[in-house]
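Next come a sequence and a model predicted from it.
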Amino acid sequence: MELKHSPGPWETKREYSHGPVIILGGDGKPVVVCREKRDPEEYEANVLLMSAAPELLSELIASHDREWMEDHEGIPAHMAGERPDECGACAVIVKALGMK
Ligand SMILES: [Zn+2]
């Protein structure tokens, strides 16, 4: 499984108070600049969620593959992303990786 996104972990940074939040990749380069367009509390929560994305994805894939080493509820054992029509975790992984 090829992960094309910027290396993690991602961190957040503001260049000045009330300025846009910059999400930095594990290599220290900017990944995205987030401008506030919503309620401030919701905006901060959204930025934190986005900045955790690489770690969430890695942990989801690892957890998925441990869980699905065996068949469950009529769905055969499989690897992350292989059964998006039957497995909710696979559907999210396929969405995050832009797999078809
Ligand atoms: Zn699955």
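Received the coordinates, thanks.

What number of residues are in the vicinity of residue 29?
Residues near residue 29, counting by other Cβ atoms under 10 Å, number 9. C-beta coordinates here come from the backbone N, C-alpha and C atoms, glycine included.

Relative to the whole chain's centre, how far out is the longest helix seen in the chain?
Longest helix of the chain, by residue count under DSSP state H: helix 53-67. The chain centroid and the centroid of helix 53-67 are separated by 9 Å under Cα atoms, centre = their mean, to the nearest Å.

what do you get for stretch 33-40?
Computed by Cα atoms, centre = their mean, the chain-centroid distance of stretch 33-40 equals 19 Å.

one step back: give me the buried stretch members for the next helix or strand after the longest helix of the chain, please.
Sequence-wise, the next helix or strand downstream of helix 53-67 (DSSP states H and E) is helix 88-97. By 16 or more other Cβ atoms under 10 Å, the buried positions in helix 88-97 come out as 89-90, 92-94, 96-97.

which of those lies closest to the ion?
residue 90 (3.3 Å; Cβ to the ion).

So for that closest one, what's the pLDDT?
At residue 90, the pLDDT value in this model is 97.

who touches it in this structure?
Residues near residue 90 by Cβ atoms under 8 Å, 6 or more residues apart in numbering: 64, 78, 80-84.

Would you mind trimming the residues you listed to those in range of the ion?
residue 83 (Cβ under 5 Å from the ion).

Looking at the contacts of residue 90, state which has the most neighbours.
residue 80 (23 neighbours).
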